[in-house]
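Engineer: give the three-dimensional model of this entry:
(chains A and B)
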2 protein chains.
Amino acid sequence: MALIVQKFGGTSVGNIERIHHVAERVAREVRAGNRVIAVVSAMAGITDELVGYVREVSTLEDVEAYADHDMVVSAGEMVTAGLLALRLRSIGILARAWAGWQVPVVTDGMYGRARVEEIKTEQVNKSLDAGRVAVITGFQGVTEDGRITTLGRGGSDTSAVALAAAFKAERCDIYTDVDGVYTADPRIVTRARKLERVTFEEMLEMASLGAKILQTRSVEMAMNHNVTLQVLTSFEDKPGTLLVREDEIMEKHQVTGITYSRGEARITLVDVADKPGVSAAIFGPLAEAGINVDMIVQNVTPDGKMTDVTFTVPRADLDHALRAIEGAKTAIGYQGLHMDGNVAKLSVIGVGMRSHAGVAQKMFKTLAEKNINIIVISTSEIKISVLIEEQYIELALRTLHTAYGLDAVVEKG
Amino acid sequence: MALIVQKFGGTSVGNIERIHHVAERVAREVRAGNRVIAVVSAMAGITDELVGYVREVSTLEDVEAYADHDMVVSAGEMVTAGLLALRLRSIGILARAWAGWQVPVVTDGMYGRARVEEIKTEQVNKSLDAGRVAVITGFQGVTEDGRITTLGRGGSDTSAVALAAAFKAERCDIYTDVDGVYTADPRIVTRARKLERVTFEEMLEMASLGAKILQTRSVEMAMNHNVTLQVLTSFEDKPGTLLVREDEIMEKHQVTGITYSRGEARITLVDVADKPGVSAAIFGPLAEAGINVDMIVQNVTPDGKMTDVTFTVPRADLDHALRAIEGAKTAIGYQGLHMDGNVAKLSVIGVGMRSHAGVAQKMFKTLAEKNINIIVISTSEIKISVLIEEQYIELALRTLHTAYGLDAVVEKG
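Structural biologist: Prediction:
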């Protein structure tokens, strides 16, 4: 008998009717002859409500404050786990609810963002052997000395993957409110296709670029422990997207997906002295100000003495960043400063780039044909990102989607 | 340093503002040099909400269903405990939150109405020794094999008393939404006085007669373990009522308090054969129907062959009771049946009755002077109850309150 881990997020268990529905999903796996571990989040909105209470009683930020925070917010999943186990039994499926500390899911003591250290499988395995579904609270664990911890926002995905690894599950199904990973945002690109498979590496690039489906940590953990992940919706009955190792994908397309990020701002420092330590002089003050710098490009000038440095920051942080840079003007020693608050980032992603030449060239040519100016280029092994004016983002997305052969054959709608 | 247990009920921690207020109460005990264990209920309304969810997902009534129920509803106190500990630290008082399973409060496996078997004091004592307030979830415990249990509605009082006994607390303060135990219901008797002290035995008679301030089980437990209980309000700053042993009350009044219960109904069976087994024939069918019979009076007739039997049931169960009795008419063999759906019970209570003669006589005489007819009389060692027409209940209460010298010297209002 195969063991399947099924993880249900907050909207999937958002009310009693949804919990009934989720119980049917679990029952179907059981009736198909599988053993099941169901991992549940708090009902949608509950965690936010509890965090709100915590903020109302205290502004402390010390370790003990996070420990209390974890005790408070861990209550949310306890409710869902108990209710789902109860519902399962009331439709004839043996089940038992487990809090993280009962399994136990042992974590370090970094309250609020703990890391799973060990999952003790003996008790739950006994219960599974007795034919019971194990309904386990996501998002939470317990320290060696018995205090409740949480894994941080979105931590239920990590719980599910860690449990799948520890129990050697055949598959870890992450039920969410989207039905899989698409070649591009279907709200913009109507001919976007759902991917049957995507590699972990591609998923990591997509997640960090704004296709917020899975918590990055859970993807990394699945990759490291060789857990087969599936992303699918609990709201409809159809297959999702499988996350797999690169060698499990037969035919590699040049490009698997195209993502975008609006709300970027560009800053260019002109005629910066090209000498050691100048990067630190620029980016040190920004880091201290807590500003997340994304793309960085530096061009060498012909005489090798001066250089221009361009970088991007979130648009909301632009004023803040400018103040930090101007405050460090003497240390940096730049001659001029340009900026642009109306840019967006576009990235094409695909492990196939490694074996296909000309992926970048096709991107540049396609954008040029539409008269879209590329402001900055940045590349990694499986990704090419460009900065363009934000007004062109939708046109660029659709045009590139067609150019890379990603369009669905049958038009939607 | 004395150890004080402070228990805060649902209305006392009903919102964030109330939790702030409760933290100040705890802080005051700490600043007075005491060690404190604070026992908390769920915020008012939360437990009902969680129980509502449980009912929506399942109608199962088996042991496992109650186990899930307990996991779900135990979430409520976790939230309050975490928030109160956090609040305490943010006003400079060291504190740690403890779930029942962390203490641990070990119970039997009767989910939904578990009994405390043992409280392991080592961990909490270490924390108290380190100068920390222990904020402990009321209402819940854990079985020997690590599953969450709850003690039943009102179980937080029991938790508090059990903790006070296990940790040998000097006093167990139960904060609630009434400010103490009164000689009579102050809404009816404006001259009712708050009692400084009341004996456990009196409190038990009052609780079971409708003065619903403390859970009966917690009073019994306090009596058995010699815990000094105090009932007081968290909404105002004034002393409450101490529950003590009889030998701790110096001057015993004839009567300590007068309670009443509306909504009673009387049934009289006329000319029942006075032979062995007839009581079983009457009350067996009522017990089977789940009807709670209260007062029972049987008079011997002069010839010793026939008797009249009168008993009371809750008015809401009257029709139900009549059907049960009529269904058993042949077995009982009564000749006539009278009933009255408009009666109420009045009880005078006091350990002083043991040493004062004439308490009953004063009651009968006082009621007779007001032309209030006594329908049924029932007595115990420290209580005399009478059944009267409900329309006279307020008059009777006030008149008896004056007759027994219970009126406050300074008139209220």
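
Engineer: show me the shaky parts of the stretch 51-200 of chain A.
Structural biologist: For the stretch 51-200 of chain A, no stretch is flagged by pLDDT under 70.

Engineer: contact residues of it facing chain B?
Structural biologist: Taking Cβ under 8 Å from any Cβ of the partner chain as the criterion, the stretch 51-200 of chain A approaches chain B at residues A:53-54, A:56-60, A:64-65, A:67-72, A:74-76, A:78-79, A:81-83, A:85-87, A:89-90, A:96-97, A:99, A:101-102, A:146-148. For glycine as for every other residue, the C-beta is placed from the backbone atoms N, C-alpha and C.

Engineer: distance-wise, check the residue of chain A most remote from its centre relative to A:Thr268.
Structural biologist: Within chain A, A:Asp303 marks the point farthest from the mean C-alpha position, 43.4 Å out by Cα atoms, centre = their mean. According to Cβ to Cβ, to the nearest Å, A:Asp303 and A:Thr268 sit 19 Å apart.

Engineer: where are the low-confidence patches of the stretch 251-400 of chain A?
Structural biologist: Scanning the stretch 251-400 of chain A for pLDDT under 70 picks out the ranges A:301-302.

Engineer: closest residue of it to chain B?
Structural biologist: Distances between the stretch 251-400 of chain A and chain B by Cβ to the nearest Cβ are smallest at A:Gly290, namely 24.2 Å.

Engineer: where does that residue land in three-state SS?
Structural biologist: coil (DSSP: H, G, I helix; E, B strand; the rest coil).

Engineer: for it, grab the count of nearby residues.
Structural biologist: Neighbour count of A:Gly290, defined by other Cβ atoms under 10 Å in any protein chain shown: 9.

Engineer: cool, and A:Leu243?
Structural biologist: Applying other Cβ under 10 Å, I find that A:Leu243 has 28 neighbouring residues.

Engineer: the residue nearest to it when sequence neighbours are not counted and chain B, how far apart?
Structural biologist: The shortest distance from A:Leu243 to any non-neighbouring residue, by Cβ to Cβ, 6 or more residues apart in numbering or on different chains, is to A:Leu229 (4.0 Å). When distance is defined by Cβ to the nearest Cβ, to the nearest Å, A:Leu229 is 28 Å away from chain B.

Engineer: against A:Leu214, how distant is A:Leu229?
Structural biologist: 7 Å.

Engineer: now for these two: what residues contact both?
Structural biologist: A:174, A:243 (Cβ atoms under 8 Å, 6 or more residues apart in numbering or on different chains).

Engineer: comparing those two, which residue is more hemmed in?
Structural biologist: The residue with more neighbours, out of A:Leu229 and A:Leu214, is A:Leu229; 28 against 23, by other Cβ under 10 Å.

Engineer: tell me who's in contact with the more buried one.
Structural biologist: Contacts of A:Leu229 by Cβ under 8 Å, 6+ apart are A:161, A:171-174, A:214, A:218-219, A:222, A:242-243.

Engineer: redo that, cut-off 10 Å
Structural biologist: Contact analysis of A:Leu229 by Cβ atoms under 10 Å, 6 or more residues apart in numbering or on different chains lists A:5, A:7, A:157, A:160-161, A:164, A:171-174, A:198, A:200, A:203, A:214, A:218-219, A:221-223, A:240-244.

Engineer: among those, which ones are in strands?
Structural biologist: Counted as lying in strands by DSSP state E, out of these, are A:5, A:7, A:171-174, A:198, A:241-244.
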